[in-house]
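Engineer: what's the 3D shape of this:
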Amino acid sequence: MPARCCPTRAPSLSNRAPYNVEHYRQELDYDGQRIEYEQLALADAPGELPFYLRTSVDGVEMPLVVGRNSLMKRTAPNTLYEEVKVRAVRLDDYFRAEAAENCCLWIDVEGSSGKVIAGGKRLLGQTQVLMIEVEDRPVWQGQWLATQVLEFLYPLGLVPIARDFEWWPDNYNVVCVRQDLIARPDIRLAIDEFYSSIGQRLRQSVQKKPKPNLWQRLRARLA
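Structural biologist: Reported below is the predicted structural model:
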């Protein structure tokens, strides 16, 4: 979902799925907040593309208002789709160069990250911090895996410094920082604080580890 700021309006938001668009138009007062809400997709070239809404998986009906549909079909078998057409734009066309200096991006596009970043070389070259969702194994047909995404970003000056564990172990978000920023003391301190907080949480989780129950104690003694 891209967002952009206009001189006379609040940010403009877009969503690829028609059911999501209609749902949130009814839920939220976009006009009252001066927000432009558009049905758009981000891709490597402008045009009209098929967007695949899962309708059932293994015979189980899927909800129509959901955020995990894509420009790509999933690799999982026994999946049925409703195909809709959606207008696609490139990142470099959607965000003007003069309006995107020193920007930060969050890209979470359900397997379509390769298409999105391929259409945004100029914008990514202006990006200071990027968080992008990646996978280590194919979840979507024809998707770029984590290594391909990072190999594309590195020549643009974006270096991976951290990751999370959103869907262990193959799906996660990577944070990249512009290479020339890493030497800044405040950036280095932020990275240090991040890893220190992880260590603190791990230490606390070990300290709060539940004591073994009777069965576990007996098994340990008899082992």
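
Engineer: now Glu83: how far from Val66?
Structural biologist: Glu83 sits 16 Å away from Val66, taking Cβ to Cβ, to the nearest Å as the criterion. For glycine as for every other residue, the C-beta is placed from the backbone atoms N, C-alpha and C.

Engineer: Looking at the two now, which is surrounded by more residues?
Structural biologist: Val66 (13 against 9; other Cβ atoms under 10 Å).

Engineer: three-state assignment of the more buried one?
Structural biologist: Look at Val66: counting by DSSP: H, G, I helix; E, B strand; the rest coil, its state is coil.

Engineer: residue boundaries of the strands in this protein?
Structural biologist: 3-6, 9-15, 36-39, 41-42, 47-57, 60-61, 79-89, 103-107, 127-135, 158-163, 171-178 (DSSP state E).

Engineer: just so I know, which of the ones you listed lies nearest Met72?
Structural biologist: Of all the strands of the chain, it is strand 47-57 that lies closest to Met72, at 7.0 Å by Cβ to Cβ.

Engineer: May I see the buried residues of that closest one?
Structural biologist: Across strand 47-57, burial judged by 16 or more other Cβ atoms under 10 Å covers Leu49, Phe51, Tyr52, Leu53, Arg54.

Engineer: again, but for stretch 157-166
Structural biologist: Gly157, Leu158, Val159, Pro160, Ile161.

Engineer: Now distance to Gly199 and pLDDT too, for the buried residues of strand 47-57, in CSV please.
Structural biologist: Listed next are the buried residues of strand 47-57 as CSV, based on distance: Cβ to Cβ, whole Å; pLDDT from 0 to 100:
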residue, distance to Gly199, pLDDT
Leu49, 44, 94
Phe51, 42, 92
Tyr52, 41, 93
Leu53, 42, 92
Arg54, 39, 92
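
Engineer: hang on, the earlier thing: want to try JSON lines for the strands of the chain, with distance to Ala118 as columns?
Structural biologist: What follows is the strands of the chain, written out as JSON lines (distance: least, Cβ to Cβ, whole Å):
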{"stretch": "strand 3-6", "distance to Ala118": "19"}
{"stretch": "strand 9-15", "distance to Ala118": "18"}
{"stretch": "strand 36-39", "distance to Ala118": "21"}
{"stretch": "strand 41-42", "distance to Ala118": "10"}
{"stretch": "strand 47-57", "distance to Ala118": "14"}
{"stretch": "strand 60-61", "distance to Ala118": "34"}
{"stretch": "strand 79-89", "distance to Ala118": "12"}
{"stretch": "strand 103-107", "distance to Ala118": "12"}
{"stretch": "strand 127-135", "distance to Ala118": "13"}
{"stretch": "strand 158-163", "distance to Ala118": "14"}
{"stretch": "strand 171-178", "distance to Ala118": "16"}
